[in-house]
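Engineer: for reference, the sequence and a predicted model appear below.
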Amino acid sequence: MITVNGPGELYYWVLPLLNTLAVEKVPIKIWIFLTPCQFSSGKEQKAIEENDLVRKVFSPGETLRICWGWSRIPLPPRGLILFLGGDIFYAVLLKKRTGFPLWVYGGHLRWSHWVDLYLARYRKDFKKYTFSPKIFVGDLLRSYVQQWETASRRSLSCFPCGNPRILFLPGSRGAAYKYTMSFYKQVAHKIQEFYPDSSFVVSFPGNYSVEDLSHLGLDSLGIPFYFGETSPLMSQADITVTIPGSNNLELFYRKRRALIVLPLESTETFIPLTGIPGIIEKIPGLGPMIKRRIIRSLNRKKKWISLPNILMDREIYPELRGKVQPEQVASMVKMLLEQKTVDIVIPEDDFPSSASRTISRLIQERWAC
């Protein structure tokens, strides 16, 4: 039983593990429990239910009812709960309902007395937590990158003629696309002032379609667009302009050039808050004003917002955030493109590419007991 929340964890954590389990022919059945989460896109169930290993997918509402005992499901005699993102509280409730052991993957550890095994994503977290038993397995996202490269996947998606090639990634939250795409279009015009022959592409997550985004008027965007082709386009691009998110780590593991942009002036309405601030923001009238102040305060306090920068505690990718103008982005893109090499060194001991194989082995060892 896998609990998971948003698109980043689903694509970069769950799918690589499922791929490894399928290749190694592990004789298990997978149930996916999607948990309520303000970061979700609403498309997660559609994205995962066609996987051959997945026998059941429970929507966030169904997961909520099952966890609280409002709905009952027939349970197999043996099972394992694997937390792969979201609020661990739901995984704990599921453990209480089923009696199955709980394994937790990730970088934080709450409700530790309910956890049977902690699978650390990063070495610094493995060293930080005194919880036992614990195992350092590495980042499943890097396993995803390795699987993609090993498969030598070819794609029909490509940039139009022209150089340099600039990839725009708007993230997974469709509600913000109208503003993000308008901003990217302005950036493209400014970049063309430096590079008249440049080519641009926008890549949306594969769980969206033209019909889903009909309100954006994509055909009038003036920039070619694809769905679900982010990985091959990253490999082709000379530079990627993106918002903060899981794709920042994929760019890092691919050692690709990138610029992280967060124009708060137009997108702060769509940035979700967690905990008590997430409740406050829903207060009619006053809530949005308080949310704006909270986000701007957090932005001032945070040293980095891009995951590679946070993990390495230095600037891997430049960040432009707050009141950002298209001219600033274009100038930064020009400066980065003028740097002939991409200086990214990934310590293998801290970022192993074997996370999915390690977790698969642990699961097989448990089933052999």
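Structural biologist: Perfect, thanks for sending it.
Engineer: name the nearest residue to residue 188, sequence neighbours excluded.
Structural biologist: residue 200 (5.0 Å; CB to CB, 6 or more residues apart in numbering). C-beta here means a position set from N, CA and C on the backbone, and glycine is covered the same way.
Engineer: can you list contacts of the helix or strand hosting the one you found?
Structural biologist: Residue 200 is located in strand 199-204, with elements delineated by DSSP states H and E. For strand 199-204, contacts defined as CB atoms under 8 Å, 6 or more residues apart in numbering pick out 157, 159-170, 177, 181, 184, 188, 191, 213, 221, 223-230, 233, 237.
Engineer: which of those residues fall in strands?
Structural biologist: The strands, defined by DSSP state E, take in 165-169, 225-227 from these.
Engineer: mind putting those residues into TSV with neighbour count, distance to residue 79 and pLDDT?
Structural biologist: Formatted as TSV, the ones in strands among the contacts of strand 199-204 follow (neighbours: other CB atoms under 10 Å; distance: CB to CB, whole Å; pLDDT from 0 to 100):
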residue	neighbour count	distance to residue 79	pLDDT
165	19	47	96
166	28	47	97
167	25	41	97
168	25	43	97
169	27	37	96
225	20	42	93
226	18	39	93
227	17	35	91
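Engineer: in CSV, list the C-alpha atoms belonging to the longest helix seen in the chain.
Structural biologist: In terms of residue count, the longest helix belonging to the chain (DSSP state H) is helix 177-194. This file holds the C-alpha atoms of helix 177-194, laid out as CSV (Å, rounded to 0.1, in the frame of the first residue of the first chain):
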residue,chain,number,x,y,z
TYR,A,177,-0.7,28.6,-16.1
LYS,A,178,-2.6,31.6,-17.4
TYR,A,179,-0.2,33.9,-15.6
THR,A,180,2.9,31.8,-16.0
MET,A,181,2.5,31.5,-19.7
SER,A,182,1.8,35.2,-20.2
PHE,A,183,5.1,35.9,-18.3
TYR,A,184,7.0,33.3,-20.4
LYS,A,185,5.7,34.8,-23.6
GLN,A,186,7.1,38.2,-22.6
VAL,A,187,10.4,36.6,-21.7
ALA,A,188,10.6,34.9,-25.1
HIS,A,189,10.2,38.3,-26.8
LYS,A,190,12.9,39.8,-24.7
ILE,A,191,15.3,36.9,-25.4
GLN,A,192,14.8,37.3,-29.1
GLU,A,193,16.2,40.8,-28.8
PHE,A,194,19.5,39.1,-27.9
